[in-house]
Every structure is written in structure tokens, then in C-alpha cells.
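[1] sequence and predicted structure below; questions after.
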Amino acid sequence: MLQKILEAIRNLFNALFGTKKPPKKVEPPKTTDPDKSNVNKPQDGADVKPDSTDVKEVSEEVPIIVDPTVPDKEFDTDDDDEDLPEEEFVEEKPAPDKKPKKDHKARYLWCLDNGHGQKTAGKRSPFFGDGQLQFREYEFNRDIVRRIVEALDEKGVQYYNVVPEVEIGDFLQGRVDRANNKRSSIPKVYVSIHANAGPSASMQDWTAPSINGIETWYYHGSKRGQKIASIFQKHLIEETGFNSRGLKSRARSQFFVIRKTRMTAILTENGFYNNLAECRELMKEAVRQQIADAHVKAIMEIELNGL
């Protein structure tokens with residue numbers, strides 16, 4: 001009886017004053033962080049899934065004719081994104097210009113980019129059997145560039161070491177800005193140097209033995225890029241004897257440093273550091289010198305003959 005009386009009073013109250021509804025929950029607007037979307041895009045061959053359908057493969061033996069009167073393709077047109085945030089680090093003072101040891105009339109300024117840095121997550125092999133020895137890509141990339149610039153100094157070739165710093169991360173935007181802003185009276189060519197990684201169960205596992213070799217990437221649609229990539233790939237295979245995986249490009253989501261640089265740009269992937277047998281080779285001084293020599297021979301072929 002009491003419950004019925006209380007219900008009647010509640011109904012009368014609602015009829016006189018209305019029912020107060022709980023406030024509607026307002027969902028925060030969904031936003032896309034362009035910086036994060038950029039970071040998640042592939043930076044090099046190791047970040048490209050094996051089943052990607054947009055990867056275009058070409059043999060380095062396919063003849064490529066470059067028309068010098070036709071400008072190269074623009075390098076920032078295939079992705080609608082924004083610049084990446086600046087990375088905090090202590091910038092090294094630029095090395096003073098060195099006087100060439102040989103009288104060589106330079107055709108190009110070679111912007112040499114050693115990929116990644118000490119602060120880059122991953123980008124290293126599983127440990128070897130002793131549990132201590134491990135391949136680190138940033139160290140390999142810098143070692144190859146160091147060997148290249150020593151040879152170019154001797155030959156009098158013009159070059160620019162884009163990232164001499166070691167204690168740094170990917171620094172993608174900084175690499176691109178430095179290369180784009182570098183003053184030069186001759187055309188610039190961007191060469192980003194890397195080692196590759198294949199799919200594996202985890203970072204502690206090696207990839208399949210069949211996944212091995214060298215590949216060179218270029219900006220999709222760039223004839224100059226494809227021609228330069230073919231010359232580098234040819235010398236890399238001749239010098240090392242590694243398996244040739246050919247020339248590669250992507251119709252979409254192209255690598256940041258290839259896409260954002262305002263010059264012809266390529267990226268070399270010099271063997272797989274998570275292939276056990278190939279990683280052992282990449283740790284050898286002689287093999288590293290072969291890889292560096294191949295880059296130098298490619299540069300000198302283009303310097304002497306042009307495109």
C-alpha cells in the first residue's frame with residue numbers, strides 16, 4: 001500500500017515539473033595525429049610487409065633512358081601528411097670543407113645519409129650464440145658511410161654527410177631538411193644507406209635463410225632515380241656476390257626520405273641483418289669494405305659518364 005502511494009506522488013511530481021534526464025555524454029572529437037601517422041609509415045625496406053601489393057620490382061638489367069630535358073618527378077606528391085616534429089639532440093658542428101686531393105670536376109653533390117641512429121628502437125639482429133654479440137644497423141650504416149667518404153676525399157668528389165651524429169633517433173624530418181637546405185652550385189643526389197630485415201616471429205628470432213640479398217629503392221615514377229638505383233645495384237652485386245633482389249619502388253606510402261627530398265633519391269638495402277648467415281657476413285670488415293667500394297664505384301660511374 002505504501003509503495004503505491006509513493007509511486008502516485010512520484011507520477012504527480014513528474015507531471016507537474018517534468019522528468020530530469022541525465023546529461024548526455026559528449027564524446028571527444030576524434031582526431032588524427034599526423035605526426036604519429038607519419039612515424040608509422042615505412043621508412044625502409046625492413047618496414048614493408050612481404051605481401052605488399054604496391055611494391056614494384058624491376059631488374060637492374062632493364063635499360064633506362066633518361067631525357068635530360070625532362071625534369072624529374074616532384075618528390076612530395078603522393079601522401080597528404082605534415083612535417084614531423086623536430087628531434088631533440090646535440091647537433092654536431094659541421095666539419096670544415098676539405099680541399100680535394102684530386103682535380104675532379106664534380107657533376108653532383110652526393111648527400112650521404114646513414115639511416116637511423118643509436119636511439120632508434122629495434123633495427124638490430126638477435127644475439128649470436130654467446131649472448132653478447134649483436135648487429136646494430138645504425139653502426140653498420142655509419143661505418144659504410146665513413147668508408148665511402150674516405151674514398152671520395154681521395155677522388156675529389158663532392159659529398160655531404162647528412163647525419164654525422166650517432167646519439168640520435170630516426171630524425172627523418174631533420175635529414176630531409178638538411179639535404180634540401182644544403183646549398184650547392186651543382187645538382188644534388190640523395191643516397192640513404194641501410195641494412196635490411198625480414199619477417200620473423202620476434203626480434204629474438206632469425207628470419208628464413210631464403211630471405212637474403214641486396215635491393216635498391218627509388219622514388220616511384222622517377223626515371224633518374226631508377227637509373228641511379230640500377231647503377232648502384234649492379235656494383236653492389238658485382239662487389240659482394242650477394243643475391244640480387246632487384247630495384248624496388250612503391251606506388252603509395254613511399255619512404256619519407258625518398259619522398260620528401262627535393263632531389264633524386266635512392267635507398268640501398270645492403271643485406272639482411274636478421275638472416276643468420278648473411279648477418280655474419282655483414283659483420284666482416286672485408287664485406288663492409290666491398291659494400292662501401294660498390295657505392296664508390298657507382299658514384300664514380302655517374303660522375304664520369306653522367307646519366
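    Thanks, I have the structure now.
[2] and residue 123, how many neighbours?
    Residue 123 has 24 neighbours, counted by other CB atoms under 10 Å. In this view, the C-beta of every residue, glycine as well, is placed from N, C-alpha and C.
[3] for residue 181, same thing?
    For residue 181, using other CB under 10 Å, the count is 8.
[4] please apply the same query to residue 72.
    Residue 72 has 17 neighbours, counted by other CB under 10 Å.
[5] can you classify the residue lying closest to it once chain neighbours are set aside by secondary structure?
    In space, and not counting its chain neighbours, residue 72 is closest to residue 224: 4.9 Å by CB to CB, 6 or more residues apart in numbering. With DSSP: H, G, I helix; E, B strand; the rest coil as the basis, residue 224 sits in helix.
[6] surely residue 224 touches residue 264?
    Yes - using CB atoms under 8 Å, residue 224 is in contact with residue 264, at 4.5 Å.
[7] anything in contact with each of the two?
    Common contacts of residue 224 and residue 264, defined by CB atoms under 8 Å, 6 or more residues apart in numbering, comprise residue 72.
[8] which of those two has more neighbours?
    The residue with more neighbours, out of residue 224 and residue 264, is residue 264; 27 against 24, by other CB under 10 Å.
[9] hmm, the more buried one is touching residue 222, no?
    Yes - in this structure, residue 264 is within contact of residue 222 by CB under 8 Å, at 6.3 Å.
[10] so what sits against both of these two?
    Contact criterion CB under 8 Å, 6+ apart; residues shared by residue 264 and residue 222: residue 72.
[11] who's in contact with residue 49?
    Applying CB under 8 Å, 6+ apart, the residues contacting residue 49 are residue 199.
[12] so what pLDDT did it get?
    Here the pLDDT value assigned to residue 49 is 70.
[13] ok, it to residue 198 distance?
    For residue 49, the distance to residue 198 (CB to CB, to the nearest Å) stands at 11 Å.
[14] again with residue 62
    On the measure of CB to CB, residue 62 and residue 198 end up 25 Å apart.
[15] of those two, who's got more company?
    residue 198 (19 against 10).
[16] correct me if wrong: the more buried one contacts residue 211.
    Yes - counting by CB under 8 Å, residue 211 is a contact partner of residue 198 at 3.7 Å.
[17] any residues in contact with both of the two?
    With CB under 8 Å, 6+ apart as the test, residue 198 and residue 211 both reach 272, 275.
[18] in terms of secondary structure, what does the longest helix seen in the chain contact?
    When the chain is parsed with DSSP state H, its longest helix is helix 285-305. Judged by 3 or more CB pairs under 8 Å, 6 or more residues apart in numbering; DSSP states H and E, helix 285-305 is in contact with helix 137-155, strand 188-196, helix 223-240, strand 264-272.
[19] export these as a markdown table, with columns for distance to residue 176 and mean pLDDT.
    Below are the helices and strands packed on helix 285-305 laid out as a markdown table (distance: least, CB to CB, whole Å; pLDDT from 0 to 100):
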| stretch | distance to residue 176 | mean pLDDT |
| --- | --- | --- |
| helix 137-155 | 17 | 97 |
| strand 188-196 | 9 | 97 |
| helix 223-240 | 16 | 97 |
| strand 264-272 | 9 | 97 |
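[20] and these, which is most packed in?
    Comparing the helices and strands packed on helix 285-305 by mean neighbour count (mean count of other CB atoms under 10 Å), strand 264-272 ranks first with a mean of 28.
[21] okay, buried residues for the next helix or strand after that one please.
    Next along the chain after strand 264-272, taking DSSP states H and E as the criterion, comes helix 276-282. Buried residues in helix 276-282, counted by 16 or more other CB atoms under 10 Å: 278, 279, 281, 282.
[22] show residues contacting helix 276-282.
    Taking CB under 8 Å, 6+ apart as the rule, helix 276-282 contacts 125, 135, 140, 195, 206, 209, 212-213, 242, 270-273, 287-288.
[23] go with 10 Å
    125-126, 128, 133-135, 137, 140, 144, 195-198, 206-207, 209, 211-214, 240-243, 270-273, 275, 287-288, 290-291 (CB atoms under 10 Å, 6 or more residues apart in numbering).
[24] quick check, residue 303 in contact with residue 228.
    No - using CB atoms under 10 Å, residue 303 makes no contact with residue 228, being 11.7 Å away.
[25] now do the shared contacts for these two.
    With CB under 10 Å, 6+ apart, residue 303 and residue 228 have common neighbours residue 108.
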